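1. all I have is the shape, not the residue letters:
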Ligand SMILES: NC(=O)C1=CN([C@@H]2O[C@H](COP(=O)(O)OP(=O)(O)OC[C@H]3O[C@@H](n4cnc5c(N)ncnc54)[C@H](OP(=O)(O)O)[C@@H]3O)[C@@H](O)[C@H]2O)C=CC1
Ligand SMILES: CC(=O)N[C@@H](CCC(=O)OP(=O)(O)O)C(=O)O
């Protein structure tokens, strides 16, 4: 079988280089083009020296990307930039997996309210499939434009979906408390991700206003055909990668830990990238991999269901999930190229 040709737009960033790390070991695809505006003309290994003698291509500008022979394009671009690429290219022959948040929400109005940014391509919302394979695999298979989920939403929605589907929690009392590594903020240093701010430190941010609040709320609500209210607070950890999310929900009927475990087991029975844990998961156990590890328990003292999930923000939270989506969209084995063991210790 001949290989599929894929391009990575925004290859100088963290998710772009993570896509390269995964795709160079993929048996069914070739990376045929990589782009950058700020470093075009340079070699990929000049920007990411860890790839020296492993993988190289010359970075080209977005406008030099050729449609012919291209099967799929990954957009590893910031919000607000992806939408323009999609607007200009959605009619072309290649499929698109967009890693940004530009098409994850239900409408232009919701996007503009939470991202505080104008949206330039309203029609894109109708064409997009939310790319969480565990919930929307069938639609992803038919999709030409897939919005790869946000990193926090991936960890939170996977922890909440079985509870929502089973209808056993109060949908208006959902609390998600998440901690993330610094690579979530992208490759360019900002004041809050500057080394002295992060190292030996720990802080909350985006309180009451983080854009992932609405992404989690819309998806879990839609999935259960009802409204939901989510309270979400992210925190910045002094680690490179990984997200740990703890969700607190209130049961609407009597429940026990063994019954919860059974609900999660049945729900994720055939999922290659959800591992149910009977012990408490931690970040290094999924580092570098596409796994989401989930632990669930019922606390009768406070009448609370506690669910803890961990992912690597750059893999299941971004590039790995994007490759999983690509595999589904191209009709490949969903796990192709994703057989990666965790980097622990
Ligand atoms: N980091 C993470 O954990 C996750 C990130 N995401 C999302 O994935 C996307 C990429 O994130 P990440 O890789 O971390 O971001 P980075 O900041 O690390 O990289 C962004 C890339 O976009 C390119 N870029 C920036 N501005 C423009 C522009 N105006 N035109 C064209 N290219 C541009 C940059 O290339 P250059 O400057 O060389 O032109 C760079 O390659 C973002 O939307 C992010 O929110 C989603 C889930 C997790
Ligand atoms: C540490 C840090 O800043 N993390 C980012 C995570 C963003 C992300 O990766 O998701 P999107 O694709 O939706 O931007 C943040 O909280 O904005």
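-> Sure, I can see it. Please read all numbers here as calculations on a predicted model, not as lab measurements. Ligands and ions are numbered 1, 2, ... in the order given.

2. excluding its backbone neighbours, what's nearest residue 94?
-> Counting by Cβ to Cβ, 6 or more residues apart in numbering, the nearest residue to residue 94 once its immediate chain neighbours are dropped is residue 70, at 4.5 Å. To be clear about C-beta, it is placed using only N, CA and C from the backbone, and glycine gets the same treatment.

3. assign residue 313 to helix, strand or coil.
-> coil (DSSP: H, G, I helix; E, B strand; the rest coil).

4. how long is stretch 138-158 end to end?
-> End-to-end distance for stretch 138-158, by Cα to Cα, to the nearest Å: 17 Å.

5. what residues of that stretch count as buried?
-> 140, 143-158 (16 or more other Cβ atoms under 10 Å).

6. which elements pack onto the lengthiest strand in the chain?
-> Secondary structure of the chain read by DSSP state E shows that its longest strand is strand 169-180. Contacts defined by 3 or more Cβ pairs under 8 Å, 6 or more residues apart in numbering; DSSP states H and E place strand 169-180 against helix 151-166, helix 212-223, strand 230-236, strand 243-251.

7. so is that strand next to ligand 2?
-> Yes: Strand 169-180 is in contact with ligand 2 by Cβ under 6 Å from any ligand atom, via residue 180.

8. if you look at that strand, does any of it touch ligand 1?
-> No: judged by Cβ under 6 Å from any ligand atom, strand 169-180 makes no contact with ligand 1; its nearest approach is 7.8 Å.

9. so for that strand, what gets flagged as buried?
-> Per 16+ other Cβ under 10 Å, strand 169-180 contains these buried residues: 169, 171, 174, 176-180.

10. quick one: distance of the next helix or strand after it to the chain centre.
-> Following strand 169-180 in sequence order, the next helix or strand is helix 195-198 (DSSP states H and E). Helix 195-198 sits 25 Å away from the centroid of its parent chain (Cα atoms, centre = their mean, to the nearest Å).

11. same check, this time on stretch 318-334
-> So, by Cα atoms, centre = their mean, the centroid of stretch 318-334 is 12 Å from its chain's centroid.

12. buried ones in that stretch?
-> For stretch 318-334, using 16+ other Cβ under 10 Å, the buried residues are 318-330, 332, 334.

13. filter those by proximity to ligand 2?
-> By Cβ under 6 Å from any ligand atom, no member of these lies near ligand 2.

14. ok, those residues vs residue 125, which is closest?
-> Within the buried residues of stretch 318-334, the smallest distance to residue 125 is 17.8 Å, found for residue 325 (Cβ to Cβ).

15. of the helices and strands packed on strand 169-180, which stretch is the most buried?
-> helix 151-166 (a mean of 26; mean count of other Cβ atoms under 10 Å).

16. could you give the mean pLDDT of that helix?
-> In this model, helix 151-166 has an average pLDDT of 97.

17. tell me the residues of the stretch 151-300 of the chain that contact ligand 2?
-> 151, 180, 182, 184-185, 234, 236.

18. ends of stretch 223-243, how far apart?
-> 23 Å.

19. whoops, I mixed them up, stretch 132-152
-> 12 Å.

20. does that stretch come close to ligand 1?
-> Yes: counting by Cβ under 6 Å from any ligand atom, ligand 1 is contacted by stretch 132-152 at 150-151.

21. just the buried positions in stretch 65-77, please.
-> Within stretch 65-77, the residues scored as buried using 16+ other Cβ under 10 Å are 65, 70-77.

22. just the ones of those in strands?
-> Short answer: the buried residues of stretch 65-77 in strands (DSSP E) are 72-75.

23. need the nearest residue in space to residue 167, chain neighbours excluded.
-> Going by Cβ to Cβ, 6+ apart, residue 167 has residue 224 as its nearest residue, at 7.0 Å.

24. and the stretch 51-200 of the chain, which residues reach ligand 1?
-> So far as Cβ under 6 Å from any ligand atom goes, the stretch 51-200 of the chain lies against ligand 1 at 62, 76-79, 81, 99-100, 150-151, 183-184, 186-188.

25. for burial, what's the neighbour tally of the closest residue to ligand 1 within the chain?
-> At 1.9 Å from ligand 1, residue 13 is the closest residue in the chain, using Cβ to the nearest ligand atom. Neighbours of residue 13 under the rule other Cβ atoms under 10 Å: 21.

26. show me the contacts for the closest residue to it other than its chain neighbours.
-> Nearest non-adjacent residue to residue 13, counting by Cβ to Cβ, 6+ apart: residue 187, 5.0 Å away. Counting by Cβ atoms under 8 Å, 6 or more residues apart in numbering, residue 187 touches 12-14.

27. residue boundaries of the helices in this structure?
-> For the chain, the helices defined by DSSP state H occupy 14-23, 44-47, 82-89, 108-115, 124-127, 133-142, 151-166, 195-198, 212-223, 257-267, 320-329.
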